[in-house]
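J.: Give me a 3D structure for the following:
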Amino acid sequence: MNVWLKSWIGAFMAFFFLMTAIGGCWFLYVTNQERNHESDYVINEVRLAVNPLLLFMEQHYENIRDQHVQATLRALTGEHEVALTYAGLSGEILFSTSPYKQGDRLNLRSSLHYDLHEATQNDGSYRITFPVLDADTNSHVANAIFHIAKERLGSDSSSAFPLTMLIVSFLLFLGSVALLLVMRISFHSRIRSPVRTLQGRAEAILRGNYEPPSHIGTQFARMDELGGLYAMMDQITLELKEQRKQRARQEKAQKELITNISHEIRTPITTVKAYMEAILEGVCSDRETMLEYVGIMRNHTDKMSRQVEDLFLHAMEELGQISVEPKERYSMEVFPPILSTLGHYARTQGIAYRESLNMPNVLLPVDAARIEQVLTNLVTNALKHTSPGDTIHISADLEENHLVFTVADTGRGIRPQDMPFLFERYYRGQSGVPGQAIATEGNGLGLSICKNIVEAHGGVISFKSREGQGTEFYFTLPLC
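T.: Numbering: from 1, shown residues only. Coordinates of the predicted model:
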């Protein structure tokens, strides 16, 4: 568009310059017409008008005082409508039909005008001097001063120059009009029409129609500002379309989440209620049976607690308000109690549990409650993928100013097609032995919450897994 504007502005400046130049030439011509034209043309006109008188005077200059000669001169001046002053070389007026009187003496320096500009009088006439020459010797014998009106000459000041300027000016005017018409058509086709198309496209996007008409892509297939604007709008449309799909998927996943959590909470509540009623009805005949029932109820209560905590953290994550408040603490002060609880829980599920005995005792900024949540989610996730007889191993190692935790299991592993989406919210992959897919338990929030908490501590979390051979999750925590 910048190039377009520059080209049109340049064209208009060229036309303006030409029109200004022609106007200036016209002004100079009009103001200097007399001076430029009469210098060559009018002198010749005067010479032609007075030539018979000059010829007569050259033939009779010796008898100029003769009454018959003077009468003839008066007749000739009247016939040719001029006034004549005939002066000798001394300046004495020998004959006159002008305001000068015969016998007077002229100042030859100030009275003789051979140049047209000096000969022009205030009354609109010319007073031009011609020398009178001897016809035989061609010597200067006298001066003839002629007074002649401009109208008498019938001055034909016609010239091709004014007509040419008029034609050129008219052509330039037509060119300017044509240029304006072409500019209007070009403006409509290159700017106004595309802008209206983009406006209609924007209105369609606001109404939720993200599919552009087929002709728009062809109309904007050009490398200029409007083409770039359409490309940007097209990109925005694709993003809005994808966001709409993502929002629809998210809303669907949230509905499924509520349904799943409601189902998963209902089951342990029903189980706890059944065991409590059994105890109240006296089904437990001894202490050992009662403790067994209480242990079962505790396990289901823990499961409900984890579900509620995950749901709460999910709500906080949606609002961007997961509270992580790291404090400087030593690792041996924070982690052994957490790992001991997790080990006890894993063993109650029939899974072998091992942890490293040589944990580094280092100072690091950590929110103990949130990191406990990360480890609990990872161990719970490992329990979902293991069976009685498998092993869960937790270790902590010091690497490059980071404390690295590893939670490994010998369970079923993760399918390759599930790996790219493992940390996404609501994602519930499939896992199982080769050739057999088993739906993963849970709500699809645990690993997403772990990632959020670890990154809030300034660390990273990742995993390694081979289907049928177990999984290894690891995350880092920076040292102080």
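J.: Stretch 18-30: which residues count as buried?
T.: In terms of neighbour count (16 or more other C-beta atoms under 10 Å), stretch 18-30 has its buried residues at 19, 22. All C-beta spots, glycine's among them, are computed from the backbone N, C-alpha and C.
J.: With stretch 197-210 instead?
T.: The neighbour-count check on stretch 197-210 (16+ other C-beta under 10 Å) flags 197-198, 201, 205, 210 as buried.
J.: and if you look at stretch 461-479?
T.: Neighbour-count burial for stretch 461-479 flags 461, 463, 465, 467, 470-477 (criterion: 16+ other C-beta under 10 Å).
J.: Domain-wise, how is this structure divided?
T.: Using automatic domain parsing, the domains assigned to the chain come out as 32-153, 266-316, 324-478.
J.: Okay, helices next: where are they in the stretch 101-250 of the chain?
T.: Secondary structure of the stretch 101-250 of the chain (DSSP state H, counting those that start in this stretch): helices located at 108-111, 116-119, 150-153, 160-187, 193-206, 214-219, 225-280.
J.: Could you export those as JSON lines, including mean pLDDT and distance to Phe335?
T.: Formatted as JSON lines, those follow (pLDDT from 0 to 100; distance: least, C-beta to C-beta, whole Å):
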{"stretch": "helix 108-111", "mean pLDDT": "77", "distance to Phe335": "126"}
{"stretch": "helix 116-119", "mean pLDDT": "58", "distance to Phe335": "115"}
{"stretch": "helix 150-153", "mean pLDDT": "70", "distance to Phe335": "121"}
{"stretch": "helix 160-187", "mean pLDDT": "74", "distance to Phe335": "73"}
{"stretch": "helix 193-206", "mean pLDDT": "78", "distance to Phe335": "53"}
{"stretch": "helix 214-219", "mean pLDDT": "57", "distance to Phe335": "59"}
{"stretch": "helix 225-280", "mean pLDDT": "76", "distance to Phe335": "28"}
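J.: Just tell me which of these ends up closest to Ala71.
T.: helix 150-153 (22.1 Å; C-beta to C-beta).
J.: which stretches of the stretch 1-150 of the chain aren't confidently modelled?
T.: The model of the stretch 1-150 of the chain has pLDDT under 70 over residues 1-6, 8, 12, 27, 29-42, 114-124.
J.: Try it again at 90.
T.: For the stretch 1-150 of the chain, residues meeting the criterion pLDDT under 90 lie at 1-67, 69-70, 73-74, 76-150.
J.: tell me the angle of the host helix or strand of Leu311 relative to helix 225-280?
T.: Per DSSP states H and E, Leu311 falls inside helix 287-318. Helix 287-318 runs at 160 degrees relative to helix 225-280, counting by axes from the mean of the first three to the mean of the last three C-alpha atoms, to 10 degrees.
J.: which element follows helix 287-318 toward the C-terminus?
T.: Helix 287-318 is succeeded, C-terminally, by strand 327-330 (DSSP H and E).
J.: Show me what the very next helix or strand once past that next one packs onto, helices and strands only.
T.: Helices and strands here follow DSSP H and E; after strand 327-330, the next one along the chain is helix 331-348. Where contact means 3 or more C-beta pairs under 8 Å, 6 or more residues apart in numbering; DSSP states H and E, helix 331-348 is packed against helix 287-318, strand 352-355, strand 363-366, helix 368-384, strand 391-399.
J.: Does anything pack onto the last one? Which helices or strands?
T.: The contact analysis (3+ C-beta pairs under 8 Å, 6+ apart) places strand 391-399 against helix 331-348, strand 352-355, helix 368-384, strand 402-409.
J.: and with 10 Å instead?
T.: Packing partners of strand 391-399 (3 or more C-beta pairs under 10 Å, 6 or more residues apart in numbering; DSSP states H and E): helix 331-348, strand 352-355, helix 368-384, strand 402-409, strand 470-478.
J.: Reformat these as TSV; add mean pLDDT.
T.: Shown next, in TSV, are the helices and strands packed on strand 391-399 (pLDDT from 0 to 100):
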stretch	mean pLDDT
helix 331-348	89
strand 352-355	90
helix 368-384	90
strand 402-409	94
strand 470-478	95
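J.: Would you mind telling me which of these is nearest Tyr275?
T.: Checked against C-beta to C-beta, the stretch from the helices and strands packed on strand 391-399 lying closest is helix 331-348, at 16.0 Å.
J.: buried set for that closest one?
T.: Neighbour counts over helix 331-348 (16+ other C-beta under 10 Å) mark 331, 334-335, 338-339, 342-343, 345-346 as buried.
J.: Identify, from those, the entry nearest to Asn138.
T.: Distances from the buried residues of helix 331-348 to Asn138 were compared by C-beta to C-beta; the smallest belongs to Ser331, at 133.9 Å.
J.: Could you report the separation of the residue lying closest to that closest one once chain neighbours are set aside from Tyr330?
T.: In this structure, Ser331 finds its nearest non-sequential neighbour in Val362, 5.3 Å apart by C-beta to C-beta, 6 or more residues apart in numbering. Note on Val362: its distance to Tyr330, by C-beta to C-beta, to the nearest Å, is 7 Å.
J.: Need the residues touching each of those two.
T.: Cys480 (C-beta atoms under 10 Å, 6 or more residues apart in numbering).
J.: Just the terminal-to-terminal distance for stretch 54-65.
T.: 16 Å (C-alpha to C-alpha, to the nearest Å).
J.: what's that stretch in contact with?
T.: Contacts of stretch 54-65 (C-beta under 10 Å, 6+ apart): 47, 50, 66, 68-70, 72-73, 76, 84, 86, 88, 94-95, 102, 130-136, 138, 141-142, 144, 146.
J.: Filter those down to the ones in strands?
T.: In strands, defined here by DSSP state E, the members of these are 84, 86, 88, 94-95, 130-133, 141-142, 144, 146.
J.: OK, contacts around Leu18?
T.: 168-169, 172, 175-176.
J.: thinking again about what came up before, quick check: the residue nearest to Ser331 touching Glu399?
T.: No - contact criterion C-beta atoms under 10 Å: Val362 and Glu399 do not qualify, at 11.3 Å.
J.: More neighbours: these two, which one.
T.: Ranked by neighbour count (other C-beta atoms under 10 Å), Val362 and Glu399 place Val362 first, with 16 against 9.
J.: Now Thr391: closest residue in space that isn't a chain neighbour?
T.: Leaving aside its sequence neighbours, Thr391 is closest to Ala352 (4.2 Å, by C-beta to C-beta, 6+ apart).
J.: how close does Val283 get to Phe16?
T.: Using C-beta to C-beta, Val283 is found at 107 Å from Phe16.
J.: and if you look at Leu357?
T.: Look at Leu357 and Phe16: by C-beta to C-beta, they are 93 Å apart.
J.: try Ser387
T.: According to C-beta to C-beta, Ser387 stands 91 Å off from Phe16.
J.: for Met232, same thing?
T.: Met232 is 37 Å from Phe16, where distance means C-beta to C-beta.
J.: Next: Leu172.
T.: Note on Leu172: its distance to Phe16, by C-beta to C-beta, is 10 Å.
J.: the more surrounded of the two?
T.: The residue with more neighbours, out of Leu172 and Phe16, is Leu172; 16 against 12, by other C-beta under 10 Å.
J.: hang on, the earlier thing: could the helices of the stretch 101-250 of the chain go into JSON lines alongside distance to Val407?
T.: Shown next, in JSON lines, are those (distance: least, C-beta to C-beta, whole Å):
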{"stretch": "helix 108-111", "distance to Val407": "125"}
{"stretch": "helix 116-119", "distance to Val407": "113"}
{"stretch": "helix 150-153", "distance to Val407": "118"}
{"stretch": "helix 160-187", "distance to Val407": "68"}
{"stretch": "helix 193-206", "distance to Val407": "47"}
{"stretch": "helix 214-219", "distance to Val407": "51"}
{"stretch": "helix 225-280", "distance to Val407": "22"}
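J.: Good, we can wrap up now.
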